[in-house]
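Q: coords please:
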Amino acid sequence: MEEELRIFLSESYETLNSLDRELIQLGKNPESEEILRTIHANFQTFLESSKFLHFTKLESLTHIGERLITQLIQSDSEVSGEMITTILKLNMAIREIIFHIDETGKEPPSINNSIIQDVEEVIKKSEAEGMIGDINDVTDIFMAGTPTPGVSSESDLTDRLMNTVVEMIHVREKLFNFRPAVKSYEYSQVIARMSALVSDVYTQVRNSKTQPVGTLVLNLDKIIKDTAKQLGKSVILRIIGKEREVDSKLLEGLRIALVQILHNSVTHGIERTDQRIAHDKSPDGSITIECYQSGELFHAVVSDDGEGLDPDKIRKKLVEKSVLFTEEAAKIPDDEVIHYIFKDGYAGLNDSGGFIGGRPSGMDIAKAKIETMGGRIFLKNSMKGKGVDIHLTLPQVNAIVPVICVNFGKERYAIPKIYLVEIVPMDSESLIKGIEVIQGHSVFVRRGKRYPLIYMKQILRYEDPDMKELPENPLIHIVVLENDGMQFAMVADGVSDMEEAVVRSMSSQLSGIFLFSGATILSDEKPSLILDIGEIQRHYLNSKLVKKIVNFEEIEVDVVPTEIQNNIEPPFLEEFLK
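A: From the prediction side, this is the model:
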């Protein structure tokens, strides 16, 4: 909590200074919508941070400020001097709360409510003068004026609206299924029009619930440079994909995780300027954050060009931190021990055995934060002397993605279409003839290519209590998938037609299971978990041995595959997803 508060205060001062600068610019250019949107992003940053840290007084001030800026963005009129003065007063009130939190660690016992009344008066006056245009869509309804009674904030209202829109999408899918039976051109036209309207409402509501990553990383550059300066280093931060949208509720947790990763990279990864020059590197270290979206997931890859991870140093620190005994650490191969940076209780230490600045900057903190949001974090790559790549994924909550449904026994799961290569139906006898077992790994051979096989029923430890005996030569489906340049296959008992699914967050009971990236309700109104194809491939098929098998490379006889233990009970979906 102390580390999170330190980060919050550091970014708060930067945000306050940014607000001051933008308000000065707004006075010079009162018609600039771009400046208003930057101010709006600053207020949203405060709002999400205050909610996360339960600073209720700060939340009330930033919420009323966000409401005012939202109205100004929706208006066609210029911003008046009175409004700018009111926002400046609000900014000063926020600054006083930040000062008090910095000094005492908590909010002041009371705040000056007159500033809230002043802002309310400005809002009412602007409404009376007709500054707010006609409200033509659902988005405007929740963005204008006072929130609906009983709803604490616009965020709560948009959540309710999104739930309603998701239900509308499910109804739309059911109506589509009736089209072949009705056989009416007029009916088809009405359905098509209704579908377009639902899609439009969905898009606008979802856009109101997301923010570009660029608003998140406004202050990361300063944090990096301040840390680097203390250590005699020079670091340049590059961000790719600033325009990518993330659910507002995930932004604060993502920020905390990124700060931990960046701090760790600057502290332990990037070398000092003199060291870099001695190793023929550029004097300035480089850290890149690349953000992109794929299927049901948002991805962020943090890469640096530092010295990479040293397995021996990690072993030493694992022993120092009492995470492992010396004998245990010595037995772990280099390519495995580097992943222990995410182990609970492990934190990067400086050379003298203490924390930089007396504060931990462990990757386990970032891991815990990401996983509480249903995401994943892992070490994608590390090369000694070249740097490290850390990969984060988060579910794109409320995103609509095309999926296919696969059956493993009686259980049904969704797979995003983006991973699908082909579906090969065949009887079990034909499958057996097409399987090779190499060093304990099953591969499906087709058209001269090898596809590593994944048996999800074994991974899920699925058992059908009603099945007394196996059917003779049953029909099965080989679902060929591709992720991160590797093609592999799953053995499924059945495959359903493709449909559009809305990604929803999973219950806390399932969020810790790496097999699933989210949940959804399908067109038959039954729940289904979405398989995390990337994590499944990374856990079961990411070994050097499997890659050699796929590429028809020569395999040493003494290579012994690691046995994988699957201790995941079959989930009862209806109960978990209520």
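
Q: end to end, how far does stretch 381-400 reach?
A: 31 Å (Cα to Cα, to the nearest Å).

Q: residue ranges with poor pLDDT in the stretch 251-400 of the chain?
A: Applying pLDDT under 70 to the stretch 251-400 of the chain flags the ranges 344-362.

Q: Please, where are all the helices along it?
A: Along the stretch 251-400 of the chain, the segments classed as helices by DSSP state H, counting those that start in this stretch run 273-278, 311-320, 326-331, 334-337, 363-372.

Q: quick one: buried residues of the shortest one?
A: When neighbours are counted by 16 or more other Cβ atoms under 10 Å, the buried residues of helix 334-337 are found to be Val337. All C-beta spots, glycine's among them, are computed from the backbone N, C-alpha and C.

Q: That one packs against which elements?
A: Here helix 334-337 touches helix 311-320, going by 3 or more Cβ pairs under 8 Å, 6 or more residues apart in numbering; DSSP states H and E.

Q: next helix or strand past the helix or strand containing Glu34?
A: Secondary-structure element containing Glu34, defined by DSSP states H and E: helix 33-52. Tracing the chain C-terminally past helix 33-52 and defining elements by DSSP H and E, one meets helix 56-74 next.

Q: can you give me the angle that following helix makes with helix 33-52?
A: For helix 56-74 against helix 33-52, the angle by axes from the mean of the first three to the mean of the last three Cα atoms, to 10 degrees is 160 degrees.

Q: can you offset everything so residue one is 55?
A: With 55 as the first residue, the last one maps to helix 110-128.

Q: what does the next helix or strand after helix 110-128 contact?
A: Sequence order places helix 135-158 as the next helix or strand after helix 110-128, per DSSP H and E. Residues outside helix 135-158 that contact it (Cβ atoms under 8 Å, 6 or more residues apart in numbering) are 59, 63, 66-67, 70, 73-74, 77, 80-81, 84, 93, 100, 109, 111-112, 115-116, 118-119, 122-123, 126, 160-162, 165-166, 169, 172-173, 176, 180.

Q: from those residues, which would you call buried?
A: Buried members of the contacts of helix 135-158, scored by 16+ other Cβ under 10 Å, are 66-67, 70, 73, 77, 80, 84, 93, 100, 109, 111-112, 115-116, 118-119, 122-123, 126, 161, 165, 169, 172-173, 176, 180.

Q: Count the residues that sit near Cys345.
A: 24 (other Cβ atoms under 10 Å).

Q: For the nearest residue to it once chain neighbours are set aside, grab phi and psi.
A: Excluding its sequence neighbours, the residue lying closest to Cys345 (Cβ to Cβ, 6 or more residues apart in numbering) is Gly295, at 3.5 Å. With angles defined as degrees, to the nearest 10, Gly295 sits at phi 90, psi 40.

Q: which residues does Gly295 contact?
A: Going by Cβ under 8 Å, 6+ apart, the list of residues near Gly295 reads Val267, Glu344, Cys345, Tyr346.

Q: Next step: the residues you listed restricted to strands.
A: Of the positions in those, Glu344, Cys345, Tyr346 sit in strands, assigned by DSSP state E.

Q: can you redo those residues as CSV with distance to Ser582?
A: Shown next, in CSV, are the ones in strands among the contacts of Gly295 (distance: Cβ to Cβ, whole Å):
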residue, distance to Ser582
Glu344, 30
Cys345, 28
Tyr346, 25
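
Q: Which of those residues sits closest to Glu382?
A: Glu344 (35.2 Å; Cβ to Cβ).

Q: separation between the closest one and Glu465?
A: Here Glu344 is placed at a distance of 35 Å from Glu465 (Cβ to Cβ, to the nearest Å).

Q: if you count what's nearby, which of those two comes out ahead?
A: Glu465 (19 against 16).

Q: ok, the more buried one touching Tyr516?
A: Yes. Using Cβ atoms under 8 Å, Glu465 is in contact with Tyr516, at 6.4 Å.

Q: Closest one of the ones in strands among the contacts of Gly295 to Ile590?
A: Using Cβ to Cβ, these come closest to Ile590 at Tyr346, 20.1 Å.

Q: Can you measure across stretch 541-560, start residue to end residue?
A: 27 Å.

Q: just stretch 421-432 next, same as before
A: Start-to-end span of stretch 421-432 (Cα to Cα) is 8 Å.

Q: Show me how far that stretch is from its chain's centre.
A: 8 Å (Cα atoms, centre = their mean, to the nearest Å).

Q: And for that stretch, what's in contact with it?
A: With Cβ under 8 Å, 6+ apart, stretch 421-432 has contacts from 304, 307-308, 310-311, 314, 393, 396, 417, 420, 444-449, 559-560, 565-566, 568, 571-572, 586, 589, 592.

Q: Mind checking which of those are buried?
A: Buried, going by 16+ other Cβ under 10 Å: 304, 307-308, 310-311, 314, 396, 417, 420, 444-449, 559-560, 565, 571-572, 586, 589, 592, out of the contacts of stretch 421-432.

Q: Return the subset of those residues lying in strands.
A: Judged by DSSP E, the buried ones among the contacts of stretch 421-432 include Ile444, His445, Leu446, Thr447, Leu448, Pro449, Ser571, Gly572 as members of strands.

Q: Name the residue most distant from the centre of the chain?
A: Glu526 (44.5 Å; Cα atoms, centre = their mean).

Q: Assign a three-state SS to it, would you?
A: The three-state assignment at Glu526 reads coil, by DSSP: H, G, I helix; E, B strand; the rest coil.

Q: That one and Phe498, how far apart?
A: 22 Å.

Q: Work out the gap between stretch 591-610 and the centre of the chain.
A: Distance of stretch 591-610 from the chain centroid (Cα atoms, centre = their mean) equals 29 Å.

Q: I should have written stretch 237-253 there, sorry.
A: The mean C-alpha position of stretch 237-253 is separated from the chain mean by 34 Å, Cα atoms, centre = their mean.

Q: Please write out the alpha-carbon positions of that stretch in PDB.
A: C-alpha atoms of stretch 237-253 as PDB (Å, rounded to 0.1, in the frame of the first residue of the first chain):
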ATOM      1  CA  LYS A 237     -38.800 -16.300 -44.500                       C
ATOM      2  CA  SER A 238     -40.000 -12.700 -44.700                       C
ATOM      3  CA  TYR A 239     -38.100 -10.000 -46.500                       C
ATOM      4  CA  GLU A 240     -39.800  -7.300 -44.400                       C
ATOM      5  CA  TYR A 241     -38.800  -9.200 -41.200                       C
ATOM      6  CA  SER A 242     -35.200  -9.400 -42.400                       C
ATOM      7  CA  GLN A 243     -35.200  -5.600 -43.100                       C
ATOM      8  CA  VAL A 244     -36.500  -4.900 -39.600                       C
ATOM      9  CA  ILE A 245     -34.000  -7.200 -38.000                       C
ATOM     10  CA  ALA A 246     -31.100  -5.700 -40.000                       C
ATOM     11  CA  ARG A 247     -32.200  -2.200 -38.900                       C
ATOM     12  CA  MET A 248     -32.600  -3.200 -35.300                       C
ATOM     13  CA  SER A 249     -29.100  -4.900 -35.400                       C
ATOM     14  CA  ALA A 250     -27.500  -1.700 -36.700                       C
ATOM     15  CA  LEU A 251     -29.100   0.300 -33.900                       C
ATOM     16  CA  VAL A 252     -28.000  -2.200 -31.200                       C
ATOM     17  CA  SER A 253     -24.500  -2.100 -32.600                       C
END
